[in-house]
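> Give me coordinates for this.
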Amino acid sequence: MLGLLLLAIALNVAGVIVIAEGQLSASGQLIALLVFVLLASLTVMAPLVYCAVTPTGSKRVLAATRQWLIAHNKAITAAVLLLLGLNLISAGAQRLVAS
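Numbers count the residues shown, from 1 in each chain. All right, here's what the predicted structure looks like:
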């Protein structure tokens, strides 16, 4: 579970950095931040809405999804952090070439 927490922290920090470094006005940054928070919250809201809409059918599906996530936690964390790292390396390389 610690891996998922670290992954969430890394993704949130990266999202905030991208928004802060963007060439946006203050209102543009606020809108971007609100959209980011909304999209990030969907991972929590979607299962809750699913449980509220179909309580009996959702138990089986969510239990299977939970088991899959637990079984593949390390691979998921590694893949997302690899993509995040590649994105950061690419952004840094572009800045070096541009300067």
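
> C-alpha from now on. contacts and neighbour counts both.
Fine.

> out of everything not next to it in sequence, what's closest to the residue most central in space within the chain?
The structure's the chain has its C-alpha centroid closest to Leu11; by C-alpha atoms, centre = their mean the separation is 5.1 Å. Using C-alpha to C-alpha, 6 or more residues apart in numbering and skipping the chain neighbours, the partner closest in space to Leu11 is Leu84 (7.8 Å).

> do Leu7 as well
Spatial nearest neighbour of Leu7, chain neighbours left out: Thr77 (6.3 Å); criterion: C-alpha to C-alpha, 6+ apart.

> Tell me the secondary structure at that neighbour.
For Thr77, the assignment made with DSSP: H, G, I helix; E, B strand; the rest coil gives helix.

> Distance-wise, check Ile89 relative to Leu24.
Noted for Ile89: a distance of 22 Å to Leu24, by C-alpha to C-alpha, to the nearest Å.

> Show me where the chain dips below the pLDDT cut-off.
1-4 (pLDDT under 70).
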